[in-house]
Structure formats: C-alpha cells, structure tokens
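Asks: Curious how this folds, go ahead:
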Amino acid sequence: MDFEADHSPPLPTDAELFQAMQAKQHSALAALYDRYASLVYRVALRILVNPQEAEDLTQEIFLKLWRSSTYDVNRGSLSSFLTTLTRSRAIDRLRSRSSTLKFLQRWGNTMTTQPPPTTPFEAASIHQRSEHVRSALADLPEKYRQILELAYYEGLSQSEIAARLEIPLGTVKSWSRQGLLTLRKTLQTWIE
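Replies: Residues are numbered from 1 along each chain as shown. Have a look, this model is predicted:
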C-alpha cells in the first residue's frame, strides 16, 4: 500500500499567533479564539454559573488580549495565562455582584420590609426616605439612571441592556458602576 504523506503546513504555535496578534493581525486573534474560547468559557461558567455572564466574560478576555495584554510568552503557556486571567476576572465579577446585591438589599430592606407605620412620626420618616431615594435617582445623569432602571426594575442583564440601548457592553458596565457609586454615596446616610 502506498500512503501519501500529509504535507500540510504545521499549525502556528501560540507564541507565533500571539506575535501576529500583537501586530494587529485579526486572523491571529481569530485563531487564538478558536483555540481557547471554549476553555475560557468553561472556566468562566464554572465560577459565574450564569451562561450569559460567562459569554460576556469570554468576549472581554479576548478583547483584553487583543488590546493590551500583559502575557509574556517566556513566562508560561497561553492557556495558563488565559485560565488565570479568566478566573481572576470572574471572581472580580462575583465580588462586584455581591457588593451590588448587598447594597440593593440594604436599600430595599430600608424601603420595603419595615412594618406599616403606626405613628405619624414613622409615616413621615418613611415618606421622607422615599422622597430622598426618588430624588437621588432623579439626580443621576440620564445615562446612569436609565441603565440602573433597566437592570433593577426590568431585571435585564448588562448584555441585554447593551443590545436594547445599542451601546457597547463596556459602556453599560462603566455607566452602571458609576451610577451605583453615585447613588450609594448619595444614599449612604439612609442605609447605614
């Protein structure tokens, strides 16, 4: 039997693809994405549990790799770098989610779980707090308020908000964070 030898060129190494990507060759990024997206997604999903958030984080990791990577080919494999970066970013998201959830729970508890007022003074106090919250929301810049309302009143994810408002996901994340920080600062005296 006569077998033909496979003369296809060898696949480029991660280091070669990374160098090409640093030279802004889109095909190199595509090749690295094809090679490692499932790994990054699995790590993100294992930590975040939410498939949409895992997809968002996968995209974020590869955008970071494209834009400004701190990866050094001499310090280890690209798969290890991506795994570590994904794990770190996913844990950051969990912390942020936890912090935001605690803030909103404290805020919500202040507004909704109090027993009905029994005295005129208690009724006035609750009314005053409600007005303060409404005022704090109204004082937020429109872009921040809109994103917070979509997230917390309509329950939309950041990806869904980006799609609805037709703005980049990174912008939604940035505005959401700034809006929450501003709101938290304004309401701090009412939730402590």
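Asks: Return the set of buried residues in stretch 162-171.
Replies: For stretch 162-171, burial by neighbour count (16 or more other C-beta atoms under 10 Å) applies to 162, 165, 169. Every C-beta, even on glycine, is put in place using the N, C-alpha and C of the backbone.
Asks: And the first one, what's its pLDDT?
Replies: Spelled out, it's residue 162. The per-residue pLDDT reported for residue 162 equals 87.
Asks: Find the helix or strand that it is a member of.
Replies: helix 158-165 (DSSP states H and E).
Asks: Which strands or helices does that helix pack on?
Replies: Applying 3 or more C-beta pairs under 8 Å, 6 or more residues apart in numbering; DSSP states H and E, one finds that helix 158-165 contacts helix 51-67, helix 142-152, helix 169-191.
Asks: Select, out of those, the one closest to residue 91.
Replies: Residue 91 lies closest to helix 51-67 among those, at 10.8 Å (C-beta to C-beta).
Asks: quick one: the closest one to helix 169-191, angle?
Replies: 120 degrees (axes from the mean of the first three to the mean of the last three C-alpha atoms, to 10 degrees).
Asks: quick one: the closest residue to residue 146 other than its chain neighbours from residue 159, how far?
Replies: Spatial nearest neighbour of residue 146, excluding adjacent residues (C-beta to C-beta, 6 or more residues apart in numbering): residue 165 at 7.3 Å. When distance is defined by C-beta to C-beta, to the nearest Å, residue 165 is 11 Å away from residue 159.
Asks: residue contacts, the residue nearest to residue 146?
Replies: Applying C-beta atoms under 8 Å, 6 or more residues apart in numbering, we find residue 165 in contact with 146-147, 150, 172.
Asks: Can you tell me which of these has the most neighbours?
Replies: When neighbours are taken as other C-beta atoms under 10 Å, the top entry among those is residue 147 (27 neighbours).
Asks: What distance do you get for that one to residue 128?
Replies: Look at residue 147 and residue 128: by C-beta to C-beta, they are 27 Å apart.
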